[in-house]
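Chemist: Curious how this folds, go ahead:
(chains A and B)
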Amino acid sequence: MRTIHTEILVIGGGATGTGVAWDAALRGFRTVLVEKRDLTHGTTGRYHGLLHSGGRYAVKDPQSARECIHENRVLRRTHTHCIEDTGGFFVVTPEDADSDYPDRFQQACREVGIPCVEIPVAEALRREPLLHPRIARVFQVPDAAADSFLATHATAQAARQEGAEIRIYHEVTRLLVEGGEGDRRVVGAQVQDLVRGEPVRILADMTINAAGAWAGQVARLAGIQVSIIPGKGVMLAASHRLVNTVINRCKMPSDGDIIVPIHTVAVIGTTDVKVADPEHLAIEPWEVRYMLEEADKLVPGFSRTRILRAWAGVRPLYQENAQGMESRDVTRALALLDHRERDGVAGFLTITGGKWTTFRLMAEKTLDRACAHLGVERPCRTAEIPVPGREQGPYWLGHRLHEVETAQLQGELVCECELVTRDMLVQAARFNPTVTLDDLRRDVRLGMGPCQGGFCTYRAVGILHELANEPPEAPTGDAQAWEVAHLQSPRQAARTPTPDKRSPSSAPRPRPSPVLERTHPMANPNLLLRDFLQERWKGVLPILWGQQLKQERLDQLLYLSLMNVDHLPDPELVSPMSDFYTRIPTAETEG
Amino acid sequence: MGTPAAGSPGRIPDLLVIGAGLAGLMAAQTGADAGLSVRVVAKGMGATHWAAGTVDVLGYLPTDDTPVHHPLEAVERLPEDHPYRRVGGAPRVARGLARFQELTQALKLPYVAREDGQNWWLPSPAGAPRPAYLAPQAQARGDLERKEPLLIVGFAGLRDFYPRLIAENLARQGIQARAASLPLNLLTPRRDVNTVQLARTLDRPDPVERLGRELRALARPGERIGLPAILGLERHLWTWHRLEAITEAPVFEIPTLPPSVPGIRLFQAWQRHLLAQGVRVEMGMAAIGFQAAGDRILWVETESAARPLRHRAGRFVLATGGILGGGIAAGPDGPAREVVFGLPLAVPTERRHWFRPRFLDPAGHPLFQGGVAVDPALRPVDPRTGQTIYTNLHAAGEILAGTDSIRERSLEGIALATGAAILPAAASP
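Modeler: Next up, the predicted model:
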């Protein structure tokens, strides 16, 4: 078995894990990160995209609120291009008009240090004409919309530029534990490379469990009990931006009380239901109905717009002795578990709880503790050093359209819904490790618009098939600097990658993505097609009515009647993700 | 009856057809053939503009996905409520198809069947053989049972056609095929083009000559040349014949992502043909209401830019399509409904029974199998009692219950067979 030696091993490729890898690499540790699927495949890629101001937790969970407003300010500096400064409103709807919550909210924001200004209702309605016309009060806070896919990629690239190694589709199968009772120590992990189907041993001085909702499962591999309460949240995306400001209901945090405008859509969220297994997330009809009813209280008519998709994410909520608590009541504050102190197992930390907004802080605290364990003093620098791509400036809604129009790339569009060009797709596939089209979706937003892959699935498969058959062309310039910083920029993708002067020369040479290897799942176009069609179907199933139902029928016409894709060669081939896409849990089969 | 005067002001037509897909056009044609005065109102185009442009009659058995080679022979093995069985089985289906074929001769877009009555197996844009019963001549030339090797030619930068994907998949199924690519600027200086624009370009002689010369240089002796279906819009036969003459090789079309050039050719030619017979096909007129007296429909109301219009007629044909065409709709809460007459539907009432977990499930999705149940005269019935609802209302095409036509590859076959069966057998010539 191949063995890799490193100082820090990070388990989990979500926001927290990549944040930990970035922090560790910046502090000069040799670092390896393993993720069992694609980066952001877990909770990070399944949330509504809110950069919290902290307002939501000001009354109920001031500690969490303080963390949020602090990190809100930091991330606007370090991850500028991943954030759209939408601002946020907390609105008092007619249902909540008699409550004393708004006054408590204002007071709590003051105490925690969240800038919160009450603005006239007329002003709010002028800015957001679709808001409920009978709202009583409106408070403005510095909420924002965050692209968690891009931010995680940018963080991962920052880590790579500092020498960290990021391995996706590497699943931890064992934690390597040495020593006897009372003197045990985690010395690394055995992981399975799911694409090549081979085991790899990674030996590390410190193993950091950043597996989020899966952290309990990872800790169990060392015989340690960590009770994560997986809190499932269901979200729905409306086909366009009904609002351009984050809209929160000004009341105690509850279900369906937030609408986030993110990229081209508006997302309503969420429910909060304790589930047994973070892998089996049933989206139940009552959840869909309830989200729509609640959305109408903020933006009347939301339920009658075209709903593109439903998805569920699972919060990694943690509280010691949380037996019997409702997940809505568990703190959103971060939880760092030092297993040497807690369980007598050295060389092993678990970081969980928290929010996307606080991922950097979580990493900082984790590495502070790791340094203490390793007996070194190295300060955290992630709050000062921006990630690559920041020079693009803040994200704005018209960003892609503007670039497509000024560079006249209309003829290059593979996905008209989300303005994905051929070059964006090719760059992402070539320089960002890719196993399925869903991985590319997270990179460039392929198939995320109204047709949900109807047209772009076939085009992407055709293009990638051509790419896989071309001789691997030596990438010019610093592809490592290129790959994610400009992943979502049509204009940049149309240019030949140029050397990035800020990138240290020690950065590893670009490795062509496995897309070019014939044995790779990506090399089989028919598997790519089937996987992505099924993956998209999974997310539209709960919301198939009206226009979206019609759209799905068109997609059936295209893929069955026109293309006959269910009678292509290799029907038996599966990718590491095929089973996940096909498994559609229902309330009955769950947990 | 002499020259029909449908559409002339003040005259109530014998037949009002709602919907302008293949079912609606065939119903209108059948009415016109029988000497009736006919008018067609439609919200928009039908699936002609989306589909491959072939007539798929039955490609796979709905029960177990078995490939069907003799579609007409397989009709009797279909369930009794299948639209083919409802209209009277294989002979009636064959008659509808024969009328269509004869018509396409007149339209100068001949559709051809195999001499042995079997399905063609033609290359799909993904490289799977797709079963079609009738095909435009230029698609039939791609018959995968013939032995000549295939050269699939695309255009670099055309986002809706991938020759390498097609050739590799065909080759892996034992069909000798290779791919080649030509620059798009051979045809047009534009980068942002779709298949319809390219087809218009190939209505002109110069681009056809240029393309022909390039193809001639590419093709090896004995090869058939497959191109995306862009060989002319208005002068298709001329373009196609000219390319075969220049290349001295068989040339065939492979359908593409929408818009469908073969479908648009057919629609436009047929619409002109109907107009010449006095049948107006009017678009932008969504049927939104109706008035009945007892068991007869009196008029149908359509929405239009100015004001709603009422259309009286002796008979009405509902050919609004299924879920794709908008004839059947479903909201987040309510059950699926038929949108014009509120006809009861043979569809599972509960949403949780509508779909299966796999997009490509060979058994299909129950919602798509549902629709309007009809009596043997294609008049809608109450699915619970079997009672005919209106005596002068017929339904045709994808709106009918009894099968998922996209799943079994019978979309056009059902449209034509049922569209041709809206009049009693005796009334048809």
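
Chemist: which residues of the stretch 201-350 of chain A score low on pLDDT?
Modeler: A:321-327 (pLDDT under 70).

Chemist: what do you get if the cut-off is 90, keeping everything else the same?
Modeler: Confidence mapping of the stretch 201-350 of chain A against pLDDT under 90 gives the ranges A:229-230, A:274-282, A:317-334.

Chemist: can you check the stretch 51-200 of chain B too?
Modeler: B:63-64, B:157, B:190-192.

Chemist: Quick check: residues of it near chain A?
Modeler: By CB under 8 Å from any CB of the partner chain, the residues of the stretch 51-200 of chain B that approach chain A are B:51-52, B:56, B:65, B:124-130, B:157, B:159-162, B:164-165, B:168-169, B:172-173, B:190-193. All C-beta spots, glycine's among them, are computed from the backbone N, C-alpha and C.

Chemist: what about B:A32, how many neighbours?
Modeler: By the measure other CB atoms under 10 Å in any protein chain shown, the count of residues near B:A32 is 21.

Chemist: My reading is that it lies in a strand. Confirm?
Modeler: No: B:A32 is assigned helix when assessed by DSSP: H, G, I helix; E, B strand; the rest coil, not a strand.

Chemist: if I look at it, how far off is B:G21?
Modeler: 17 Å (CB to CB, to the nearest Å).

Chemist: cool, and A:Q534?
Modeler: Remark: distance between A:Q534 and B:G21 (CB to CB) = 29 Å.

Chemist: Show me which of the residues of the stretch 51-200 of chain B next to chain A are buried.
Modeler: Buried subset of those (neighbour count, 16 or more other CB atoms under 10 Å in any protein chain shown): B:51-52, B:56, B:65, B:124-130, B:159-162, B:164-165, B:168-169, B:193.

Chemist: where along the stretch 301-429 of chain B do the helices fall?
Modeler: B:366-369, B:405-408, B:411-419 (DSSP state H, counting those that start in this stretch).

Chemist: and if you look at the stretch 51-200 of chain B?
Modeler: B:71-74, B:83-86, B:90-106, B:137-140, B:163-172, B:195-201.

Chemist: which one of A:Q534 and B:G21 has more residues nearby?
Modeler: Per other CB under 10 Å, whichever of A:Q534 and B:G21 has more neighbours is B:G21, with 32 against 20.

Chemist: How about the contacts made by that one?
Modeler: B:M45, B:G46, B:A47, B:T48, B:A319, B:G321, B:G325, B:G397, B:E398, B:A415 (CB atoms under 8 Å, 6 or more residues apart in numbering or on different chains).

Chemist: Let me know the next secondary structure element after whatever helix or strand A:D443 lives in.
Modeler: Using DSSP states H and E, A:D443 sits in helix A:437-444. Going down the chain from helix A:437-444, the next helix or strand is helix A:456-469, by DSSP H and E.

Chemist: all helices in the stretch 1-150 of chain A, in order from the N-terminus.
Modeler: A:15-26, A:62-78, A:101-112, A:121-127, A:148-161.

Chemist: Pick the most buried one from these.
Modeler: helix A:15-26 (a mean of 31; mean count of other CB atoms under 10 Å in any protein chain shown).

Chemist: domains for the chain, by residue range?
Modeler: In the absence of a named chain, this looks at chain A. A:2-43+A:149-228+A:330-374, A:51-144+A:229-316, A:398-582 (automatic domain parsing).

Chemist: I was after chain B.
Modeler: Using automatic domain parsing, chain B is parsed into the domains B:15-105+B:265-427, B:149-249.

Chemist: Among those, show me which one is buried the most.
Modeler: domain B:15-105+B:265-427 (a mean of 21).

Chemist: coming back round to it: identify whichever of the helices of the stretch 301-429 of chain B lies nearest to chain A.
Modeler: helix B:405-408 (5.0 Å; CB to the nearest CB).

Chemist: Please identify the buried residues of stretch A:313-321?
Modeler: A:G313, A:V314, A:R315, A:P316, A:L317, A:Y318, A:Q319.

Chemist: Would you mind confirming that A:V195 makes contact with A:M577?
Modeler: No: counting by CB atoms under 8 Å, A:V195 does not reach A:M577; the two are 10.7 Å apart.

Chemist: Please enumerate the shared neighbours of the two.
Modeler: By CB under 8 Å, 6+ apart, the residues touching both A:V195 and A:M577 are A:V435.

Chemist: So between those two, which is more surrounded?
Modeler: Between A:V195 and A:M577, counting by other CB under 10 Å, A:M577 is the more crowded of the two (23 against 19).
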